[in-house]
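1. pasting a predicted model and its sequence here:
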Amino acid sequence: MASHSKNNTYLKKSFFYPRALRFAPIIITIIILTTLPLYASSYIVFVAAIALLYAMVAAGYDVLLGYTGQLSFCQGAFYGIGAYLSAILTVNYGWSFWQAMPTSVLFVGLVSAIIGYPALRLRGAYFAVTTFFLAHFVYLIFLNEVSLTGGPLGFRGLRPPEPIGPLSFESMTNGYLLILFSFIIIYALLRKFVNSNVGLILKSIEQDDILAESMGINTAAYKLLSFVISAIVAGYAGTMFAHFFRLLHPTTFSWFLSEMVVIITLVGGVGTLIGPVLGAGIVTFILEFLRFAPEIRYIGWAIALIAILMFEPKGLMGLIKRVGVK
Amino acid sequence: MSEKKRLGKKSIAIVIIAVIVVVIGSVLGWYFMMAPAAPRVIKIGYSAPFTGPAAEFGTNGWRGISIALEEINARGVYIKGEKYTVEVVRYDDRCEPTEGVAAVKKLILEDKVIAILGSHCSSVCMAIAPLCDENRIAGITIECAADAVTSPGHEYYFRMRPSMGLMAPLITPVIIDKLKPSKIGFLAINDDYGRSFVESFKKNFEGYGVSTVVEQYFERGATDFYPYLTAIKAAKPDIVFYVGVTPEGALILKQAKELGLIPEVKFIGSEEMGEYELVSLAGKEAVAGTYAISLWAPKPEIKELASKVKEKFNAPMHYAIVFGYDALHVLVKAIEMAQSLDPATIKDALKKLEYEGLQGHIKFESFEYGGKLFVNQGRWTPYLIRWTGEGEKELIGP
Amino acid sequence: MIDTIVLTQLLNGFILGLIYGLMAIGLTMIWSVTDLPDFSQGGIYIISAYVAYWTIILLNVPYFLAIPIGALAGILLSVAFERIVYNRLRPSGVLSCLLAAIALFFLLENVANALWTPKAKIMSVPETEVSLNLFGIVTSYHRIIIFIISVLLFIFVHLFIKYTKIGMAMRAVAEDREIAALMGVDTSKVYIATWALGGALTSVAAILISPLYAVWPGMGTLPLLKALVVVILGGFGSIIGALIGGLILGLIETFGAIYVSAAYQHGFAFILLLLTLSLRPKGLFGRR
């Protein structure tokens, strides 16, 4: 009886407190991020914008890696295709951003569906290798098709998104806010998706895809769905980047970007959706902080990564969960 | 998934302490980075690639800058009778535009530098030039080659060396005069630099009636040039320009010799191939008798700088060192001319100054060439050199 | 005139293919025995080449001695990774191990970067740079050396797998790990042996090719990817498949670079991969 009443009070406490507390950090963070331009320099705003883009791509990627268990390396490719296509449509063909962006995103979705359809039938490592190559191949196209992408000479002349009414996106602040708000919306949508029934199905595939298949779930279709979703998010982030930074160069979309996304997702905590977002913030912070020590930047980074993998494969979120549950 | 033990109290304490240490460390570090210069210190920023494939450029630029810095601080900079010392803050931009923008923004907004030096890669220079205008802080590029960096130009962004589009018209007559080719070929690296090189030399030679019979491009880091050299051999040019960095250059010369192209065909290297690095990588034999376009000539002042570099860094001479060295001296001269730390006044001084640098006579001019308007651009004539059997440079022209 | 160029490229492609084959054999063995496509071999490739380079430069060791020294470094690293990292992560699943392998590759590449700068180093071996003219084909002594050493290694590996106790144990584990364990095979010993052999093959491949190509921190990525393609092309777990697959890729790449496009020469591996996966996913000699 004593233990029973203890359980009751425990349940009551854990029911109310976390509920209220759960929303507080999110709201505080959103407020801080939204008001950032007011008190921080444009350097910090710029870095924050880039970090948010990484966070966007990583969150989308987590749907693929964390919820379906498919390791892929071609986010950079989709990010780049979104960026370059939007650039080409707006600069070479005079489209408005608001037309070019959805078109680019749809195109990326289409490309990912076409590639994903046969590719996802492959077992894990084969798929990973294929995406490795795909990313490199797309990078070669960015580099070599000079007439299309400007190649190594860069693609310049991009304009910010056309103003909506009186709201112009010319300034760094407004560009940043646009990125911030799209991030919030996309994250919310991904969250909803992942918590829905479809998300549960994805999770079951990640746990044991053979079992899921035997229960009648069309695993191929769901894997494709998560692949396309992660691609679309990356493509969207690409269009945002293109019109925010306004200079495209193949080196920005190299293998390094895909590597970073994977690392961010790992460090933050695969399969938690919020983990990769935190990971993006932390990685960006550390790399910026170490900018004055270029030689050790990436090594310190790689060692931390190995340490994380060995001691806490669930990344930051794993660590937090371990500390939080008492 | 395996069950992880719940963390005991001790582990939690360790984690919390670690987090606190990291946070305090970062905040302190950030604070120190952000502190404005102590009085009588002139803070200058330097953005360059220190990691990534272009890392040697940043490293060498930094060597030149550090030696110049020593010389300058030894005598001091006098503004309105007060003695100042100079401090240079350097950040890595990995030769990537978004990094360059972040680095320069940090330099200008957090470190509060009054002028920028950098960068080395054209893509980064193109990204940071607008920032200089926006923030009204003068920037001198160390070595970006693409025309687009100063054309259309930026009021606050300067380039000492002639850009790619200008190298060709300046040195082509020298090459034609001394080597008299009738057909030329190119083997170039596939990036902003390589492509602009080929584009402009091709056009300039055409103007003298010399046609290009073969053009081949390779990736950065490429090591097998046999396919390209085979195609080049088939096309039979008199001169082949090989464009890239020294490791590739060394392999190109070796493989070209293996295929029998050298010495039948005259190989002229791009600016990197005029560096000692090529000799140490390829060996004196492979390099002897080949030519290169060089950004510095074997002058006595350069030999002096070279020995300082050898002494201090145990490294061979390189044009990035020369440019870094000149850049800081030019900037400080502008500051002295301006007799002020106001960035806009410094910018005006830069526009007016003339300086006999180790690279050549430096003067920032605005002019039109080839239908393009160049702003704040230097125009000295580069050098054609030939490598001797002893691994030294011999000046052929101008 | 054209004929000798074609023959020269034939030889070059063949030699390149042997190198791919060596690395692929190591990878396919590791993969089939331990279930892990070991991406960290890309890092091993880099480090062993540098170890060989430095022993030649600093200790004045002849090239032929530098090969086993570099291979030793590769063996030690591979085994260390297995014992320290992969062993711990194995219970968490293949995905964790794969991610760790990638992280280790990343780590090794950045260590090389920091210690020895990104600037490429040329491993000069004057003894073997001697040019040869065989029936009009211009080649170097070095390529013949590659040929000889590779063939010897292939024969060695083949005999090792077929006739030694450990080799047979490796094959047993590759067939079915659980049954092999039940039959008393010491899987951890087998793993160590597999990794040692794989690391050795990767290292030798790297050191053999280094005098022809430069030594730089980024040198591991493309060879790793291509070796993986060769593993898939040749058939999972098949050594002869790795050899033949390697030759095919080497030849296609070399000729493709000349006759189709030099800029996309690394893309041929991708096309080969796509073809294999869509037409014959088992690979040429695959068992699974």
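-> Sure thing, it's come through. All of these numbers come straight from a predicted model, not from anything done at the bench. Numbers count the residues shown, from 1 in each chain, chains lettered A, B, ... in the order given.
2. can you list the domain ranges for chain B.
-> B:41-161+B:301-363, B:165-294+B:384-397 (automatic domain parsing).
3. same list (these) but as CSV, adding mean neighbour count.
-> All C-beta atoms are positioned from the backbone trio N, CA, C, and that covers glycine. Compiled in CSV, the domains of chain B are given as follows (neighbours: other C-beta atoms under 10 Å in any protein chain shown):
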stretch, mean neighbour count
domain B:41-161+B:301-363, 22
domain B:165-294+B:384-397, 21
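4. tabulate these (a markdown table), appending distance to residue A:55.
-> Shown next, in a markdown table, are the domains of chain B (distance: least, C-beta to C-beta, whole Å):
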| stretch | distance to residue A:55 |
| --- | --- |
| domain B:41-161+B:301-363 | 15 |
| domain B:165-294+B:384-397 | 30 |
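5. out of these, nearest to chain C?
-> With C-beta to the nearest C-beta, the closest approach to chain C among the domains of chain B belongs to domain B:165-294+B:384-397: 3.5 Å.
6. how about the residue nearest the centre of chain B, what does it touch?
-> Taking C-alpha atoms, centre = their mean as the criterion, residue B:143 is the residue nearest the geometric centre of chain B, at 3.0 Å. Listed by C-beta atoms under 8 Å, 6 or more residues apart in numbering or on different chains, the contact set of residue B:143 reads B:57, B:61, B:120, B:161, B:319-320, B:323.
7. show me which of those residues is closest to residue A:54.
-> residue B:120 (25.2 Å; C-beta to C-beta).
8. check what pLDDT the closest one gets.
-> pLDDT recorded at residue B:120 is 91.
9. residues in contact with it?
-> Residues counted as contacts of residue B:120 (C-beta under 8 Å, 6+ apart) are B:48-49, B:54, B:57-58, B:61, B:95, B:141-144, B:320.
10. re earlier: secondary structure for the contacts of residue B:143 - can I get that in CSV?
-> Converted to CSV, these look like this (DSSP: H, G, I helix; E, B strand; the rest coil):
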residue, secondary structure
B:57, helix
B:61, helix
B:120, coil
B:161, coil
B:319, helix
B:320, helix
B:323, helix
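11. nearest to residue A:62, of those residues?
-> Of all the contacts of residue B:143, residue B:120 has the smallest distance to residue A:62: 36.3 Å, by C-beta to C-beta.
12. how about that closest one: what's its closest non-neighbour residue?
-> residue B:57 (4.1 Å; C-beta to C-beta, 6 or more residues apart in numbering or on different chains).
13. any weak-confidence spans in the chain?
-> Chain wasn't specified; assuming chain A. Across chain A, residues meeting the criterion (pLDDT under 70) sit at A:1-22, A:209, A:293-302, A:304, A:309-326.
14. let me rephrase: I mean chain C.
-> Where chain C drops to pLDDT under 70, the residues are C:1-5, C:128-138, C:262-263, C:287-288.
15. in it, which helix is the longest?
-> In chain C, assigned by DSSP state H, the helix with the most residues is helix C:2-34.
16. and chain B, is the helix or strand where residue A:190 lies touching that?
-> Element membership of residue A:190, judged by DSSP states H and E, is helix A:172-195. No. Helix A:172-195 stays clear of chain B (C-beta under 8 Å from any C-beta of the partner chain), getting no nearer than 9.4 Å.
17. after that helix, which helix or strand is next?
-> Per DSSP H and E, the first helix or strand lying C-terminal to helix A:172-195 is helix A:197-207.
18. by contact count, what packs against that following helix?
-> Other helices and strands packing on helix A:197-207, by 3 or more C-beta pairs under 8 Å, 6 or more residues apart in numbering or on different chains; DSSP states H and E, are helix A:42-68, helix A:209-214, helix A:219-245.
19. contacts only, for residue B:82.
-> Shown in contact with residue B:82 (C-beta under 8 Å, 6+ apart): residue B:40.
20. helix/strand/coil for residue C:281?
-> Assigned with three-state DSSP, residue C:281 falls in the coil class.
21. how about the contacts made by the closest residue to it other than its chain neighbours?
-> Using C-beta to C-beta, 6+ apart and skipping the chain neighbours, the partner closest in space to residue C:281 is residue A:122 (7.6 Å). Listed by C-beta under 8 Å, 6+ apart, the contact set of residue A:122 reads A:130, C:277, C:281.
22. quick one: which helix or strand includes the residue nearest to residue C:13 when sequence neighbours are not counted?
-> Nearest residue to residue C:13, sequence neighbours excluded (C-beta to C-beta, 6+ apart): residue C:254, at 3.3 Å. For residue C:254, the host element (DSSP H and E) is helix C:239-259.
23. cool, and residue A:160?
-> Judged by DSSP H and E, residue A:160 forms part of no helix or strand.
24. so which elements touch the helix or strand harbouring residue A:141?
-> Using DSSP H and E, residue A:141 sits within helix A:124-144. Contact here means 3+ C-beta pairs under 8 Å, 6+ apart; on that basis helix A:124-144 packs against helix A:75-87, helix A:97-119, helix A:146-149, helix A:255-268, helix C:94-116, helix C:221-234, helix C:267-279.
25. repeat the analysis, applying 10 Å as the threshold.
-> Packing partners of helix A:124-144 (3 or more C-beta pairs under 10 Å, 6 or more residues apart in numbering or on different chains; DSSP states H and E): helix A:75-87, helix A:97-119, helix A:146-149, helix A:219-245, helix A:255-268, helix C:94-116, helix C:221-234, helix C:267-279.
26. is the shortest one positioned near chain C?
-> No. Helix A:146-149 is not in contact with chain C by C-beta under 10 Å from any C-beta of the partner chain; minimum separation 10.5 Å.
27. which of the contacts of residue A:122 tops the neighbour count?
-> Most neighbours among these, by other C-beta atoms under 10 Å in any protein chain shown: residue A:130, with 25 neighbours.
28. just give me the residue right at the centre of chain A.
-> Central residue of chain A (C-alpha atoms, centre = their mean): residue A:57, at 1.8 Å.
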